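**Q** need coordinates for the following:
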Amino acid sequence: MSITSVKEHPAGRGKTDNENGSSQYTKQYIVIVSDVTVTEDEVLADTRIPLKGSAHPSNSKALLDKRTPSPYGDQRIVWMVDLTYTTAPRKPAITTAAKPWNYRPKLKWTNYAATKSILEDKDGAAIMNSAKDPLNPPLEIEEHYPILSITRYERNYSITKAMGYIDKVNLTAMVIAGLPVDVEQAKITEFTGSNALIDGVECWEVNYQITFASTWVQRVLDQGFYYYPGGYDVGTQTPFTDKAGDNLVNMGLLTSSGDKASPTNPHFLEFKVSLRKEFGPLGLPKRAN
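**A** Take a look at the predicted model:
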């Protein structure tokens, strides 16, 4: 056997504390061989030399990451093996001032234009032609509504949570960035996130876009080609006809029960097409910075 002795050298033990919070431990082994042709790899292969990745006897968090064999003198009969164990650097403590999620969010107001069919005038009367028929196609105007973009840092981001809010409208009245918002007036149209490293702190930059409207409830004039005389509970479905008895080309007005409606007292249908959700858990800013 080429290696005749492996012993730890007591004087080779040491410890160094680094500025980054890590610690280094050193150990040294004396290896005596009987054959001058023994190589470094053969010395390190001896089972009495600790393996890389093994823990230091006095600190299980310090792992062996460096083994350096070198012959002692010119005879290459004695080898010194220096071992270095290192702990992971200490993560810096996150102070209150260095928490990006405590930074003031960035707010940006813009607006968008939407084409809207106008079915009634400002006094609530149905818009009709001179023959008291609804306009076909209906009158359209362009209305402008505000959009609020919010950018802020958060500890985490969940795509599952984001998908649960996209295209949802507010369930309850609230104040968003200084704007009082009634039920179903605010819709979340963007909820995206990208990971970031701010002042050495890992976090997420999250972007919200909230689109406002007078209401997200869809309101349409109640009309059709058929009606129920006396209401759908008692009447039979009957087509609207003109004075000659021919079916109307344009639709006639309906009451809430499906009977004929007066042009001066039209009925409007409302459809809640957007799901409602409580926005409170999002912690949206209430003040306009």
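
**Q** quick one: buried residues of stretch 276-289?
**A** Across stretch 276-289, burial judged by 16 or more other CB atoms under 10 Å covers 277, 279, 282, 284, 285. Glycine gets a C-beta too; all of them are placed from N, C-alpha and C.

**Q** which residues touch it?
**A** Stretch 276-289 has contacts (CB atoms under 8 Å, 6 or more residues apart in numbering) with 104-105, 107, 150, 164-165, 168-172, 174-179, 183-184, 186, 188, 208, 210.

**Q** residue 214: which of the buried residues of stretch 276-289 is nearest?
**A** Proximity of those to residue 214 (CB to CB) peaks at residue 279, which lies at 18.0 Å.

**Q** how close does that closest one get to residue 39?
**A** Separation of residue 279 from residue 39 (CB to CB, to the nearest Å) stands at 70 Å.

**Q** also residue 105?
**A** Separation of residue 105 from residue 39 (CB to CB) stands at 63 Å.

**Q** higher neighbour count, these two?
**A** The residue with more neighbours, out of residue 105 and residue 39 and counting by other CB atoms under 10 Å, is residue 105; that gives 18 against 11.

**Q** please tell me the pLDDT value assigned to that one.
**A** pLDDT, residue 105: 95.

**Q** kindly report the same for residue 59.
**A** Value for residue 59, per-residue pLDDT: 94.

**Q** what pairs with it across the strands?
**A** Beta-bridge partners recorded for residue 59 (DSSP bridges): residue 56.

**Q** list the residues that contact it.
**A** 23, 25, 85, 87.

**Q** pull the number of nearby residues for the first one.
**A** If you count neighbours by other CB under 10 Å, residue 23 ends up with 18.

**Q** look up how far residue 224 lies from residue 238.
**A** 11 Å.
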